[in-house]
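Trainee: build me a model:
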Amino acid sequence: MSDVDTLREKLGLPAAPLVLSGLETTALFFRSVLQQDPLEWVDYLRGIDYHQGVSRVTLPKGTKLIRHDSLGSRGLKPFSYFADAGASPTRLGTTFAATEYKEYETDRLTPALKSTASSISFGPRDRVSRAGGGVQYIVAFRDLPALVRVGQSKK
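Mentor: Numbering: from 1, shown residues only. Okay, here's the model as predicted:
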């Protein structure tokens with residue numbers, strides 16, 4: 001079974017052309033850019049709406065991005081999610097108890113996987129609204145130095 005077929009099955013997605021194309025793009029990005037098995041990151045891939053377009057992009061120098069970093073504990077992974085400036089946490093499919101809004105700008109060409117955030121629920125008792133719909137980018141951990149923090153206040 002191919003990565004695409006296994007991902008589609010694990011994510012419970014239909015075999016629609018747009019979905020299959022997005023899954024293939026994601027699998028190729030994980031294998032070639034992140035050098036990771038995409039099947040090991042299925043729980044994070046649930047955050048992608050495969051009914052929207054998914055593409056591999058190269059962010060130009062000067063691209064402005066943001067993150068809503070959790071102030072709580074989190075696990076290490078070989079990539080980070082970023083979003084277009086102004087995106088709210090709920091539009092990104094996440095709602096941490098406490099976050100810090102951070103702005104970044106790329107200082108060189110940076111490969112990324114561009115997608116739309118899916119709405120997410122973490123179980124039948126999860127009553128938090130995570131609408132999704134925001135544009136998000138996955139950037140490899142090794143490419144994070146290309147993102148320079150901007151808008152910091154000097155202390």
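
Trainee: what are the phi and psi values at Thr99?
Mentor: phi -130, psi 160 (degrees, to the nearest 10).

Trainee: just list whatever residues bridge to it.
Mentor: Note on Thr99: beta-bridge partners Ser70, judged by DSSP bridges.

Trainee: who are the neighbours in contact with Pro145?
Mentor: Pro145 sits next to no residue when contact means CB atoms under 8 Å, 6 or more residues apart in numbering. Bear in mind the C-beta positions are built from the backbone N, C-alpha and C, glycine included.

Trainee: give me the pLDDT value at it.
Mentor: Here the pLDDT value assigned to Pro145 is 89.

Trainee: can you check which helix is longest in the protein?
Mentor: Counting by DSSP state H, the longest helix found in the chain is helix 17-32.

Trainee: list the helices and strands that one packs on?
Mentor: Packed against helix 17-32 by the contact rule (3 or more CB pairs under 8 Å, 6 or more residues apart in numbering; DSSP states H and E) you find helix 3-11, strand 55-59, strand 110-116.

Trainee: how far is the shortest one from where the chain is centred?
Mentor: When you say that, I think you mean strand 55-59. In terms of CA atoms, centre = their mean, to the nearest Å, the centre of strand 55-59 is found 12 Å from the chain centre.

Trainee: mind checking the SS state of the nearest residue to Thr116 once chain neighbours are set aside?
Mentor: Distance criterion CB to CB, 6 or more residues apart in numbering; nearest residue to Thr116, sequence neighbours excluded, is Gln52 at 3.8 Å. Using DSSP: H, G, I helix; E, B strand; the rest coil, the structure places Gln52 in coil.

Trainee: how far away is Gln52 from Leu20?
Mentor: In this structure, Gln52 lies at 14 Å from Leu20, with CB to CB, to the nearest Å as the measure.

Trainee: please point out which parts of the helix or strand encompassing Glu105 sit buried.
Mentor: Using DSSP states H and E, the element containing Glu105 is strand 99-106. Of all the residues in strand 99-106, those buried under the rule 16 or more other CB atoms under 10 Å are 102, 104-106.

Trainee: same check on stretch 5-13?
Mentor: For stretch 5-13, burial by neighbour count (16+ other CB under 10 Å) applies to 7-8, 11.

Trainee: same check, this time on stretch 23-34
Mentor: Buried residues in stretch 23-34 (16+ other CB under 10 Å): 23, 25-27, 29-30, 33-34.
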